[in-house]
Each structure stands twice: as structure tokens, then as C-alpha cells.
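>>> Give the three-dimensional model of this entry:
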Amino acid sequence: MQLGTRWSVGDPPPTGLPDVIVAAVRTVEDELRAEDVPTAGWRWTLTWLERLPIVELDDGTRITFNPSTGSATIRQQDDASEDDEE
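Take a look at the predicted model:
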């Protein structure tokens, strides 16, 4: 069984995450910095579902791993709202 963890925005992600997930976390953090979003106290949460990582930021941003393509999907909170409306 794998346990999840939490870490602060700007801190290194936990070891063992696929490189593409780490890159996606950095992309999100870079965008937040570029938009001057105050992220003091914000944290990432890592959970494992069927041995696949799911990373979620306190603002609702979620990053999932797609093992068949080796890619990551970043879904912003607004994206989830749009899906709920359909």
C-alpha cells in the first residue's frame, strides 16, 4: 500500500513521482507566480489510486497521470465546473 503526503507550494515534490507529474506541478506553480497569486500556506496533496498518483492543490487544481501515454493532465477548478454543467 502506498500512502500519500502533503507539501507546500515551492517545496520539492515527494520522490517516486513520475517526471511528467513533477513537471506538471512546476508548470502550475510557475503560472501562479506569473499571475502573482498569493500562495502562502497553499499545499499539494498526493494520493495514490490503484497505484497511480493524483496530485491536488488547495485551490482545486488536480494533476493526474495517464500511464498508457506517459503523460499528465492538469485540470483547473474552472474546468471541473464546466464539466459539471454538461
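>>> Which other helices and strands does the longest helix along the chain contact?
As assigned by DSSP state H, the longest helix anywhere in the chain is helix 19-34. Here helix 19-34 touches strand 52-57, strand 62-66, strand 71-75, going by 3 or more CB pairs under 8 Å, 6 or more residues apart in numbering; DSSP states H and E. C-beta coordinates here come from the backbone N, C-alpha and C atoms, glycine included.
>>> ok, and what's touching it?
Contacts to helix 19-34, defined as CB atoms under 8 Å, 6 or more residues apart in numbering, come from residues 9-10, 13, 39, 44, 53, 55, 57, 61, 63, 65, 70-72, 74.
>>> where in the protein is pLDDT low?
1-2, 79-86 (pLDDT under 70).
>>> go again using 50 as the cut-off
82-86 (pLDDT under 50).
>>> still on that earlier bit, return a ChimeraX selection command for the buried portion of the contacts of helix 19-34.
Applying 16 or more other CB atoms under 10 Å to the contacts of helix 19-34, the buried members can be selected in ChimeraX as follows:
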select :9,13,39,44,53,55,57,61,63,65,72,74
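>>> want to try JSON lines for the helices and strands packed on helix 19-34, with distance to Ala24 as columns?
Below are those laid out as JSON lines (distance: least, CB to CB, whole Å):
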{"stretch": "strand 52-57", "distance to Ala24": "8"}
{"stretch": "strand 62-66", "distance to Ala24": "5"}
{"stretch": "strand 71-75", "distance to Ala24": "4"}
